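Visitor: need coordinates for the below:
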Amino acid sequence: MNVRSLSTIFRDAFRRNRAPAFVLQSFAALLLALYFLVPMVRPVFDILSAAKLQYGYLFSGVAGMIFGGLIPWAVIGYRKRIPEGQVFRQFLFYILFFSGQSMIVDALYRQQAIWFGEAVDPKTLLLKVLVDQLPFNLLWSTPVSLFFFTWKDNQFSLADTLRDLRISGGRRYISIQLGAWMIWVPAVAMIYSLPLPLQIPFFNLVLCFFTLVLTFVTRETH
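Guide: Next comes the predicted model:
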């Protein structure tokens, strides 16, 4: 892959993600402002926090299932972006994938609280964002998402998935990662500004909103 190809990937990633990035970060900022500045909505956040403390990873799994999986699957199906005969299989894919990912992200947030503490000073936030967006994204989130969504888009054929990844996997990995950084770096900084029990609820709300934004602003599934 030459410099010209990389430049094209950077330009395309910026063009494709600038609108979703702005909308997503605005939504995350709105949630943050509601939490810190609007006392009348605090009881809602207190309920979410208490539920997360009581049910732990079960809460994370169910939240991911609903907000990362069920709601986006329903909207994508409503917009007729699921191939005929794949509705139920994609339903299982979405709820299982995002339930698992939500629990893994929960484990990341907990571990980072152990490593760096729960303060919200600039140094602590920077360290958490770096761990989140560098090793976690580069080595886990992006490659895992690339593989499983390519598998889904190939109607769950492993042979076709491996063929697609051999042909364009490297280019797509770079494009996805650039888009993820552009969209999620400010969002996760805001998420880490919240108390630990609220980080997973906020993550799933932002994830759901992000998925819906992409569903409505793109004409085809990427």
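Visitor: so which bits of the helix or strand harbouring R163 are buried?
Guide: Counting by DSSP states H and E, the element that carries R163 is helix 158-191. If you call a residue buried by 16 or more other Cβ atoms under 10 Å, then helix 158-191 has these buried ones: 161, 164-165, 169, 172-191. Glycine gets a C-beta too; all of them are placed from N, C-alpha and C.
Visitor: check stretch 93-108 too.
Guide: Buried positions in stretch 93-108, judged by neighbour count with 16+ other Cβ under 10 Å: 93-95, 97-106, 108.
Visitor: can you check stretch 107-126 too?
Guide: Buried residues in stretch 107-126, defined by neighbour count with 16+ other Cβ under 10 Å: L108, Y109, R110, Q112, A113, F116, T124, L125.
Visitor: how near is the fourth one to L37?
Guide: I take that to be Q112. Applying Cβ to Cβ, to the nearest Å, the value for Q112 to L37 is 26 Å.
Visitor: quick one, what contacts G56?
Guide: By Cβ atoms under 8 Å, 6 or more residues apart in numbering, the contact list for G56 reads D106.
Visitor: and it, how far from S99?
Guide: Using Cβ to Cβ, one gets 14 Å for the distance from G56 to S99.
Visitor: what's the answer for P83, then?
Guide: Distance, P83 to S99, using Cβ to Cβ: 23 Å.
Visitor: before we move on, what about Y78?
Guide: Counting by Cβ to Cβ - Y78 and S99 are separated by 21 Å.
Visitor: quick one: average pLDDT of the helix or strand that contains L205?
Guide: Assignment of secondary structure by DSSP H and E places L205 within helix 196-217. Averaging pLDDT along helix 196-217 yields 81.
Visitor: now that helix, how far from the chain's geometric center?
Guide: Distance of helix 196-217 from the chain centroid (Cα atoms, centre = their mean, to the nearest Å) equals 7 Å.
Visitor: show me what that helix packs onto, helices and strands only.
Guide: Under the contact definition 3 or more Cβ pairs under 8 Å, 6 or more residues apart in numbering; DSSP states H and E, helix 196-217 sits against helix 3-37, helix 42-55, helix 57-63, helix 71-78, helix 87-116, helix 158-191.
Visitor: kind regards, and thank you for your time.
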